[in-house]
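>>> have a look at this prediction, sequence included:
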Amino acid sequence: LAFRLQDTEESLTKITQQVYEMNAKLHQLDKLKDDFVSVASHELRTPMTAIRSYVWMALHKSDIPLSQKLEKYLYRTLISTERLINLVNDMLNVSRIESGRIEINPKAFDIVALTKEVMEEVRVKASEKSLQLTVMDHKLPMVFADADKVHQILLNLIGNSLKFTYPGGTIMVDFFTDGKVMEISVKDNGVGISKDDLSKLFHKFARLDNSYVSISTSGGTGLGLYISKSLVELMKGKVWVSSEGVDKGSIFTFSLPLANEENLKHAVDFKVNVQGEIKPLEPVAI
């Protein structure tokens, strides 16, 4: 019996060692993947940026008249190049989030004021579709989060509504608090989302087959919502979506901690430190 127990212990020790070794190899492979995505993305972005600049110059600063056909081809090249650059930026952001290179430095700030700033940033784009933008102005407590990351989230969600709201539609941002968290909702009266597709959102490269995606002319990467969800969760919040169905609009909502006495007392619990080099987020394209 003693020999059997010893054999069993030795077997368990070997299995445990093998599991640790396999886990270490998986971590190494995951790091190699992140490094590859980061390096490849940087290498892709450099020539893409140059191509975009030269095509823009050819379109707007040409010293010879352009034929209508050539102008159309150059415009399509410019749009396609911008889509590739947007994809590269999103891939870099995903890589930096998943590799733990994004720092969260929370502070108390006015979420209504920040939302109004973001709305002003997208107003020119919204005017191209004659969209009405509204921010519900309430007297609200301060939130406790990283304002730069919240700015990125708002640009992603409001930009999403810009893509999928019909010309002449409305986009409204509203707020609700229960005294513990702040909920920020981006509501539009656009194409909506079918019940079956609601669960597909917030995943990497999530693309829907219904009109929610097909109406978009921007060639979205499918990464914006995933990035937003990852950032919200890093700040101890949640994100979700609701819709009554196709052509009935959608509401994207995320929550953030309040800058109340309890949270400020435990401020260190909301901070995310980075071991190694801190990486910034690439800008959101609207």
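Alright, I've got the coordinates.

>>> quick one: residue 69 from residue 75, how far?
Per CB to CB, to the nearest Å, residue 69 is found 11 Å from residue 75. For every residue, glycine as well, the C-beta is placed using N, CA and C.

>>> for residue 286, what are its contacts?
Counting by CB atoms under 8 Å, 6 or more residues apart in numbering, residue 286 makes contact with 121, 122, 125, 155, 159, 162.

>>> next step: those restricted to strands.
Members of the contacts of residue 286 lying in strands (criterion: DSSP state E): none.

>>> pull out the buried residues from those.
121, 122, 155, 159, 162 (16 or more other CB atoms under 10 Å).

>>> ok, the third one - contacts?
Put plainly, it is residue 155. For residue 155, the contact set (CB under 8 Å, 6+ apart) comprises 118, 121, 122, 284, 286.

>>> using CSV, please lay out those residues together with pLDDT.
Shown next, in CSV, are the contacts of residue 155 (pLDDT from 0 to 100):
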residue, pLDDT
118, 97
121, 95
122, 95
284, 79
286, 75
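
>>> so which of those belong to helices?
Among the contacts of residue 155, the ones falling in helices (DSSP state H) are 118, 121, 122.

>>> that older thread, okay, the contacts of residue 286 in JSON lines with distance to residue 142 next?
Shown next, in JSON lines, are the contacts of residue 286 (distance: CB to CB, whole Å):
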{"residue": "121", "distance to residue 142": "22"}
{"residue": "122", "distance to residue 142": "24"}
{"residue": "125", "distance to residue 142": "29"}
{"residue": "155", "distance to residue 142": "21"}
{"residue": "159", "distance to residue 142": "25"}
{"residue": "162", "distance to residue 142": "27"}
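
>>> quick check: closest non-adjacent residue to residue 153.
Nearest residue to residue 153 in three dimensions, chain neighbours excluded: residue 228, at 4.7 Å (CB to CB, 6 or more residues apart in numbering).

>>> likewise residue 244?
Here the residue nearest residue 244, using CB to CB, 6+ apart, is residue 192, at 6.7 Å.

>>> so which of the buried ones among the contacts of residue 286 comes closest to residue 179?
Nearest to residue 179 among the buried ones among the contacts of residue 286 is residue 155, at 27.8 Å by CB to CB.
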